[in-house]
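Enquirer: coords please:
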Amino acid sequence: MTRRQAAGRSYPPDYVSAETLAYRLDVPAHLVEILVREGQLPQPELLGSLKRWDFADVRTFLKSATGRFSDGKVEANGRRRDVYLERLKRGSSA
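Expert: Got it, this is the predicted structure:
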């Protein structure tokens, strides 16, 4: 997606291509695949034969560096475990 195409939308898409993800992160398009390969971005999901990223998951993944997801464990689906929410579910604040 070009910036001109993105500018014509009234809201951003939830599932984005590598090009749109690069635009939303304000990085060069070729950097998305590098960041995915290095584990600095989550793996895309397949929608048919299209690779797409759930932008909400990308935000969560990136925010994991702030410590909320501090145990470093990753679930089978590639998402980071949210330790804070797990503790709330168990009734523990520690």
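
Enquirer: what's the weakest-modelled helix or strand in this structure?
Expert: The weakest-scoring helix or strand in the chain, judged by mean pLDDT, DSSP states H and E, is helix 3-7 (a mean of 62).

Enquirer: give me the residues contacting the following helix or strand past that helix.
Expert: Downstream of helix 3-7, the first helix or strand assigned by DSSP states H and E is strand 15-16. Applying Cβ atoms under 8 Å, 6 or more residues apart in numbering, the external contacts of strand 15-16 come out as 24, 45, 47, 52-55. The way it works is simple: take the backbone N, C-alpha and C, and place the C-beta from them, glycine included.

Enquirer: so which of the residues you listed sit within helices?
Expert: 24, 55 (DSSP state H).

Enquirer: farthest-separated two in the contacts of strand 15-16?
Expert: Across these, the longest distance by Cβ to Cβ is 17.3 Å; it joins Arg24 and Leu47.

Enquirer: ranges for the strands of the chain?
Expert: 15-16, 45-47, 50-54 (DSSP state E).

Enquirer: would TSV of those with mean neighbour count, distance to Glu33 and mean pLDDT be doable?
Expert: Below are the strands of the chain laid out as TSV (neighbours: other Cβ atoms under 10 Å; distance: least, Cβ to Cβ, whole Å; pLDDT from 0 to 100):
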stretch	mean neighbour count	distance to Glu33	mean pLDDT
strand 15-16	20	14	96
strand 45-47	11	15	95
strand 50-54	17	10	97
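
Enquirer: can you list these in a markdown table and add distance to Leu35?
Expert: Formatted as a markdown table, the strands of the chain follow (distance: least, Cβ to Cβ, whole Å):
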| stretch | distance to Leu35 |
| --- | --- |
| strand 15-16 | 14 |
| strand 45-47 | 16 |
| strand 50-54 | 11 |
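
Enquirer: quick one, which of the ones you listed is nearest to Leu62?
Expert: Smallest distance to Leu62 across the strands of the chain (Cβ to Cβ): 11.3 Å, for strand 50-54.
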